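Colleague: the sequence isn't on hand, but the structure is:
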């Protein structure tokens, strides 16, 4: 991560942070204490989001980010494994070959994926769904696995 500070005479300071992934966050700290935060993706010129915080709000957010209020105990080994994990919400579209088939038929074709839950269009939620639950059009599968396994799950064909 790279951080650059620029003094803005009569205004305050500007901090530009470029993350390892190439995203950029610009924080303008006004002499009044107000902070403006702008979020940019890669090399885009226009901010994708912006936020204005009072001095008090900025300090509270800073405490959260600094781990003052909560600091998870994550070892380096776990962090590297988590980076390999993908969690994705997959909507079942009409015509998908696994519609009206048990979830087990779908998962049997894709090792390394776990369906954490299914959300139905009627807002029913099935956490840790049973393997015999039939997948319906409009269901949203909350799936976890490697990127490759998740992509395979989307392409799986339960017919035969």
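Modeller: Now that the structure is in, tell me what you want to look at. All values derive from a computational prediction rather than experimental measurement.
Colleague: what pLDDT, on average, does stretch 65-80 get?
Modeller: Averaging pLDDT along stretch 65-80 yields 60.
Colleague: residue nearest the centroid of the protein?
Modeller: residue 87 (8.0 Å; C-alpha atoms, centre = their mean).
Colleague: ranges for the strands of this protein?
Modeller: In the chain, the strands defined using DSSP state E lie at 2-8, 12-18, 24-30, 35-40, 49-53, 86-91, 113-119, 125-127, 140-145.
Colleague: what's the longest helix in the chain?
Modeller: When the chain is parsed with DSSP state H, its longest helix is helix 55-65.
Colleague: for residue 26, which non-adjacent residue is closest in space?
Modeller: residue 38 (4.4 Å; C-beta to C-beta, 6 or more residues apart in numbering). Where C-beta positions appear, they are placed from N, C-alpha and C, glycine not excepted.
Colleague: which strand residues bridge that neighbour?
Modeller: Beta-bridge pairing of residue 38 under DSSP bridges involves residue 26, residue 50.
Colleague: so for residue 153, which of the strands of the chain sits nearest?
Modeller: For residue 153, the closest of the strands of the chain is strand 113-119, at 5.0 Å, according to C-beta to C-beta.
Colleague: strands paired with that closest one, and their directions?
Modeller: Going by DSSP bridges, the partners of strand 113-119 are strand 125-127 (antiparallel), strand 140-145 (antiparallel).
Colleague: out of these, deepest packed?
Modeller: Most buried of these by mean neighbour count (mean count of other C-beta atoms under 10 Å) is strand 140-145; its value is a mean of 20.
Colleague: quick one, that strand and strand 86-91 angle?
Modeller: With axes from the mean of the first three to the mean of the last three C-alpha atoms, to 10 degrees applied, the angle from strand 140-145 to strand 86-91 works out at 160 degrees.
Colleague: how is the chain divided into domains?
Modeller: The chain breaks down into these domains under automatic domain parsing: 2-65, 78-155.
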